[in-house]
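Let's see this in three dimensions:
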Amino acid sequence: MFVKKDLRKIPDILTDPNDSREKMLLARRGPEFDGGIRILFKSYDASAFQNLQVLSLYDNMLQNIQGIGFLSYSPIIELNIGRNHLKSLPDELGQLSTLNVVWAEDNELSSFPLCLLGLTNLRRLRLSGNRIDTLPDDINRLNKLQDFALDNNKLGGLPQSIGELTLLESLVLRQNELPALPDTIGNLSNLKLLHLSSNAITAVPVSLSNLQGLEYLYINSNQLVLFPSELCILPILKSGNLSNNKIASIPTDVLQKWGPLDALSGLLKGTGSIKILLFGNPCLISPSEPEVLNAKDGRVAMMT
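Sure thing, here's the model as predicted:
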């Protein structure tokens, strides 16, 4: 990740009369934050942050962000606390009601921080690379979310209320432990990207066909046995990756719409600009021809 660096020390930034402090990019300053983030607020009044809109505390070895509530009277819209050692987030974070964007990736969160449910203006929430195993039933309180990333966690299921986040355009759930999706996933009428690769999903709900705005579906490296015919009903689908599942055959209606399966490319032929990829499924492997793994790109190929 490219991080723009401000070479001044924190006290110099906070006392500079020529600095409006609309953005404070304080990434990778671990030694300065040895005592936590209270160094930002110690001996300074709220006027130092009266213009603050963006605060980055990325990669500072922080173990907590106690004191963040000091910014509740600032017009802050974006907070980046990614790549730290945060095991939880304090309740006072929920006081920053103007936040639109929170980045809390690559921390040590073992549960969804309930304080985030108070941030009802959130448009983007990224919690990738943590240890979160469940989402709260009232996740629907974040009903302005457009981008929700929870990849590389330990989610074992999704609440039905996920379907009430109807403004979502991107939902990234890659590398979790999901065995299934709730039927309400079909209510996400604005969804353009649904990323579900590397889970344990055995089938998709029929309601998936309701996602009329879906352009990209990644459900590779799961446990699908049947090809989801619901994909044929999606009018603007551009790409569907179903590689490395357990799909043994392609339904007739799919073949009629998208043509036969090409063993060389792993694509359904006749899809035009639409790419439906099926590498690593039994439907591409002849019983008499053992499969081998291409070391370069991880695709399953035929032994010749």
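
ok now do the closest residue to residue 165 other than its chain neighbours, which residues does it touch?
What sits nearest to residue 165 in space, not counting adjacent residues and going by C-beta to C-beta, 6 or more residues apart in numbering, is residue 145, at 5.3 Å. Placement of C-beta: from N, CA and C, glycine included. Applying C-beta atoms under 8 Å, 6 or more residues apart in numbering, we find residue 145 in contact with 122-125, 165, 167-168.

quick one: which of the residues you listed is most hemmed in?
Neighbour counts for the contacts of residue 145 peak at residue 168, which has 24 neighbours (criterion: other C-beta atoms under 10 Å).

Am I right that it is in a helix?
No: counting by DSSP: H, G, I helix; E, B strand; the rest coil, residue 168 falls outside a helix, being coil.

what's it in contact with, if anything?
145-148, 188, 190-191.

Mind giving me the ChimeraX command for buried ones among those residues?
Of these, the buried ones can be selected in ChimeraX as follows, counting by 16 or more other C-beta atoms under 10 Å:
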select :145,146,147,148,188,191
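
Residue 253: which of the contacts of residue 168 is nearest?
Proximity of those to residue 253 (C-beta to C-beta) peaks at residue 191, which lies at 23.3 Å.

Would you confirm that the closest one contacts residue 169?
Yes: contact criterion C-beta atoms under 8 Å: residue 191 and residue 169 qualify, at 6.3 Å.

where does the stretch 1-150 of the chain have low pLDDT?
Across the stretch 1-150 of the chain, the ranges flagged by pLDDT under 70 are 1-5, 43.

how much space between the closest residue to residue 77 other than its chain neighbours and residue 147?
Residue nearest to residue 77 in three dimensions, not counting chain neighbours: residue 100, with 4.6 Å by C-beta to C-beta, 6+ apart. Computed as C-beta to C-beta, to the nearest Å, the residue 100 to residue 147 distance reads 11 Å.

and for those two, which residues touch both?
Shared contacts of residue 100 and residue 147, counting by C-beta under 8 Å, 6+ apart, come down to 123-124.

sorry, back to before: please list the members of the contacts of residue 145 that lie in strands.
124-125 (DSSP state E).

In a markdown table, list the contacts of residue 145 along with distance to residue 12.
Below are the contacts of residue 145 laid out as a markdown table (distance: C-beta to C-beta, whole Å):
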| residue | distance to residue 12 |
| --- | --- |
| 122 | 32 |
| 123 | 33 |
| 124 | 31 |
| 125 | 32 |
| 165 | 42 |
| 167 | 41 |
| 168 | 41 |
